[in-house]
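Visitor: coordinates only, sequence not included:
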DNA sequence: ATTTTACAAATTTTT
DNA sequence: TTTGTAAAAT
């Protein structure tokens, strides 16, 4: 243990050994926060003999939890670290809620609705109530419901805040409360909780049952909360309740990195910690181990523009490093090519592998140009975010069947699959069931189960079809009850439901990909079952599988075992990560800071913190790029450079501003260059580069994913490094996955050609040559 | 009951 | 530009 403490600086060491009573660790970017948290837990266990069962450590991603558990394991040994309560707020409290579910009237196998389920349900309710969907927008309603729940305002309590009703009347949605209330009732009837419920219901549980509260207070004698600046009110109250007995609470965060206020995170939680716990000790980790002096200073000079922050002084002993390059491009394609060229330069001249570069952007829409440029240059890349594996339709379809097998009342799962694959049960029939359910205050399933009593309500034959569907689901439920492992049940359901055969029919490349995704899911269930069977107290049941994956997201499943690739992600997703070379693209007004957020000073400050997060991801070199013009929603826009560029002190920057045209004359910095609208009209024709790129477009990497063990990340095919194979009928080929095959026919030419190939093992497939990993044989 | 066509919307999202 | 949803047509 001593040798570990020796690896820490003074502030870090103090934070580690201060174990009794409340404390707050303000951890500047790159200041070794994770190290402190890890060692603190290890110190508690090793030095103070605290039982890991008594330590609760809350993180914001499963990945962070897993990593920390691993790192603690390295210090204290795995068998002990396994017993720590470590995870996200949602996963830890979902676990507790399952154990205590009966107390609040839920089944312990309750479903967790994801945002899509929630939005669909809201949309249905709006429709049922005959409200105008253009005014009652599901997205807006979902956001409002979420924000109310995160502030612990239930439909009942809504009445107590007249300003809420006023707001709803202002926004032309006076019936909001009814929608909210119905939404909650329907979730309850379905035995379902949405993400926010996991926190809200935990609060209800702890507030209603003092014995339950006491039990968990006693269990969690030491509580640690990471990323405290991004906790919302609901989380804050849970932590406060649990910690109130022993007050051994340690929160870690950096107010300068709070970037989730738009999702209900309350920065005051961290700003007011000292008020909540007057005895709290504050530690500041101010030495940055990550970045060069230049980057640290630049980031400091930027964040100094924010009014509302805790005082701290981040510094580093690292080299001063290179200045930040600010580069202007004509348009987003040139910007992307510039980035691609720099990445190649670094690889060639600094021996940096591709994994050391990251391209960060404000919005996902910016990926397209970047992808094209990287692909053209043959640079391997990985896109984080976008449509996650578990959000794909085919995956959600099978999961819906699995969910129904466990909880038949799950309305969203029911609606999703009752007519998929098609069983001739249409919208009218479903509407009638829903109507009956609402009328009789029952769940949809209860109506469907007893459909024979309502026979005359339905069209001839419809009741029979429903009864057949019900019988199917009951069979699945019986398989669950008989205790079969998850993989066997899933396999049977995939076939028996008709889902697998349905997908197998589709021979388009997209269809094939969907089928493969389904196979991937099946494989992952098998993996899960294997792991559970090998584990000491493993549970290979379907219930356990579903509860495990309900809270998993893409960023949790990232791995780095593959060949090094450039990372492409939004700045939000980059939080907590670090890279030697960071490119922040789209540094333009309206894009970053984003115009949609700029309604208040607080919003601008959050955008600035976002930029701060982006800058501080970098270890060695930062590039900031912006464009003179950019296509956005099909229109060419001319934006000024981001105000944030002005906010970094000039001495940390080096401007690289090529002259494109007479427009920029006479302004050496080209800042604030009048972007007057009376410029000569831009040529309608796209540049050659843009034209060439168009041929390369398509679904891109999206379907070219080689997904081993549930790796939902999009991975590029470096097209520049691989010539598209031109095939002729009767040629023999070998495919990475399908093995040997014989070309039957070819349609089209070049990368857009489609070849039908009969594989020895996998049968006949039609492949798009652009994506297919085939080689000619002989 | 399914497929086609037309039209609107479009930031960030650890759960 | 793309993407998704709703009305219209089969």
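Guide: Cool, the structure landed. The structure displayed is predicted, hence computed values, not measured ones.
Visitor: only C-alpha atoms for contact and neighbour calcs from this point on.
Guide: Noted.
Visitor: what is the least confident helix or strand in chain A?
Guide: Ranked by mean pLDDT, DSSP states H and E, the weakest helix or strand in chain A is helix A:688-696, scoring a mean of 29.
Visitor: which bits of chain A sit near DNA strand C?
Guide: Chain A comes close to DNA strand C at residues A:133, A:632, A:633, A:634, as judged by CA under 7 Å from any atom of the strand.
Visitor: present those as TSV; the columns should include distance to residue A:69.
Guide: TSV is the format used below for the residues of chain A next to DNA strand C (distance: CA to CA, whole Å):
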residue	distance to residue A:69
A:133	46
A:632	43
A:633	44
A:634	47
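Visitor: among those residues, which ones are in helices?
Guide: Using DSSP state H to define helices, no part of these is located there.
Visitor: can you list the weak-confidence ranges in chain A?
Guide: Within chain A, the stretches with pLDDT under 70 are A:1, A:386, A:553-562, A:660-728, A:733-740, A:747-757, A:759-778.
Visitor: in it, what residue is nearest DNA strand B?
Guide: Closest residue of chain A to DNA strand B, CA to the nearest atom of the strand: residue A:426 (3.2 Å).
Visitor: got phi/psi on that residue?
Guide: With angles defined as degrees, to the nearest 10, residue A:426 sits at phi -90, psi -170.
Visitor: okay, now it: neighbour count?
Guide: 12 (other CA atoms under 10 Å).
Visitor: from DNA strand C, how far out is it?
Guide: Using CA to the nearest atom of the strand, to the nearest Å, residue A:426 is found at 12 Å from DNA strand C.
Visitor: now do the same contact list for that residue.
Guide: By CA atoms under 8 Å, 6 or more residues apart in numbering, residue A:426 lies in contact with residue A:419.
Visitor: all strands of the stretch 101-250 of chain A, in order?
Guide: Along the stretch 101-250 of chain A, counting by DSSP state E, counting those that start in this stretch, strands occupy A:111-113, A:192-194, A:222-225, A:249-253.
Visitor: JSON lines for the ones you listed, including mean neighbour count?
Guide: What follows is the strands of the stretch 101-250 of chain A, written out as JSON lines (neighbours: other CA atoms under 10 Å):
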{"stretch": "strand A:111-113", "mean neighbour count": "25"}
{"stretch": "strand A:192-194", "mean neighbour count": "22"}
{"stretch": "strand A:222-225", "mean neighbour count": "25"}
{"stretch": "strand A:249-253", "mean neighbour count": "25"}
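Visitor: quick one: which of these is nearest residue A:163?
Guide: Smallest distance to residue A:163 across those (CA to CA): 25.4 Å, for strand A:192-194.
Visitor: quick revisit: can the strands of the stretch 101-250 of chain A go into TSV with extra columns for distance to residue A:278?
Guide: Below are these laid out as TSV (distance: least, CA to CA, whole Å):
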stretch	distance to residue A:278
strand A:111-113	38
strand A:192-194	35
strand A:222-225	17
strand A:249-253	13
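Visitor: mind checking which of those strands is nearest residue A:142?
Guide: Nearest of these (CA to CA): strand A:192-194, 10.8 Å.
Visitor: which strands and helices lie in contact with that closest one?
Guide: Here strand A:192-194 touches strand A:111-113, going by 3 or more CA pairs under 8 Å, 6 or more residues apart in numbering; DSSP states H and E.
Visitor: hmm, the strand it packs on touching DNA strand B?
Guide: No - applying CA under 7 Å from any atom of the strand, one finds strand A:111-113 out of contact with DNA strand B, separated by at least 9.6 Å.
Visitor: quick one: closest of the strands of the stretch 101-250 of chain A to residue A:563.
Guide: Closest among the strands of the stretch 101-250 of chain A, using CA to CA: strand A:249-253, at 32.9 Å.
Visitor: so which elements touch that closest one?
Guide: By 3+ CA pairs under 8 Å, 6+ apart, strand A:249-253 packs against strand A:23-27, strand A:222-225.
Visitor: partner strands of that strand, parallel or antiparallel?
Guide: strand A:23-27 (parallel), strand A:222-225 (parallel) (DSSP bridges).
Visitor: got the ones you listed as CSV, with distance to residue A:147 columns?
Guide: Listed next are the strands paired with strand A:249-253 as CSV, based on distance: least, CA to CA, whole Å:
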stretch, distance to residue A:147
strand A:23-27, 26
strand A:222-225, 21
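Visitor: out of the ones you listed, which is closest to residue A:96?
Guide: Judging the strands paired with strand A:249-253 by CA to CA, what sits closest to residue A:96 is strand A:222-225, at 15.6 Å.
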